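Structural data only, the sequence is not supplied:
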C-alpha cells in the first residue's frame with residue numbers, strides 16, 4: 001500500500017476507537033482509527049505517542065487541562081503522560097507509536 005486515504009480507511013473500520021496498523025517505518029507503527037464523539041478512558045504508555053488529527057477534532061484531558069487538536073495538528077503524548085479523550089472528539093485520528 002503506497003497511497004493511503006486515512007479518512008476512507010477510518011470510515012471502513014467496524015468499530016470506533018479500535019485502531020488498525022497500516023504500516024511501519026523502522027520500529028514506528030502508523031495506525032488509523034475512527035473517533036465517534038464518545039470519551040475514551042485515561043491511559044499512559046511507556047513510549048511516546050503521536051496523535052495526528054486528519055479530520056474532525058480530538059479533545060484531550062492532560063494534567064487537568066483540556067487540549068483541542070484540530071485537523072493538521074498533532075499532540076505528542078510523551079512517555080508516562082496520562083491522557084484521556086473527552087466526549088465530542090470525532091473524525092479520523094492517526095496514531096504514531098511503537
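Cool, the structure landed. Keep in mind it's a predicted model, so treat the numbers as computed, not measured. Numbering: from 1, shown residues only.

The helix or strand harbouring residue 68 - what's its average pLDDT?
Residue 68 is part of strand 65-69 when elements are defined by DSSP states H and E. Throughout strand 65-69, pLDDT has a mean value of 98.

same check, this time on stretch 20-37
96.

Contacts for that stretch next, please.
With contact meaning CB atoms under 8 Å, 6 or more residues apart in numbering, stretch 20-37 is reached by 1, 4, 6, 9-11, 13, 16-19, 54, 56, 58, 85, 87-98. (C-beta placed from N, C-alpha, C; glycine too.)

Would you show me how to pick out the buried ones of the residues you listed in PyMOL?
Command for PyMOL that selects the buried part of these, burial taken from 16 or more other CB atoms under 10 Å:
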select buried, resi 6+9+10+17+19+54+56+58+85+89+90+91+92+93+94+95+96+97
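
Return the subset of the contacts of stretch 20-37 lying in helices.
6, 9, 10, 11 (DSSP state H).

What pairs with the longest strand seen in the chain, parallel or antiparallel?
Ordering each strand of the chain by length in residues (DSSP state E) puts strand 49-62 first. Strand pairing for strand 49-62, using DSSP bridges, gives strand 65-69 (antiparallel), strand 74-77 (antiparallel), strand 83-85 (antiparallel), strand 90-97 (antiparallel).

Please render these as TSV that adds distance to residue 30 to the earlier fields.
Output for those, formatted as TSV (distance: least, CB to CB, whole Å):
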stretch	distance to residue 30
strand 65-69	17
strand 74-77	12
strand 83-85	19
strand 90-97	6
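
any idea which of the ones in helices among the contacts of stretch 20-37 is closest to residue 50?
residue 6 (13.6 Å; CB to CB).

what separates that closest one from residue 42, distance-wise?
Using CB to CB, to the nearest Å, residue 6 is found at 25 Å from residue 42.

Residue 83 too?
7 Å.

Identify the residues contacting stretch 87-98?
6-7, 10, 19, 27-40, 45, 47-59, 71, 74.

Model confidence for residue 1, exactly?
pLDDT, read off for residue 1, is 56.

what's around residue 15, how many residues?
8 (other CB atoms under 10 Å).

Quick check: the gap between it and residue 32.
Taking CB to CB, one finds residue 15 at 13 Å from residue 32.
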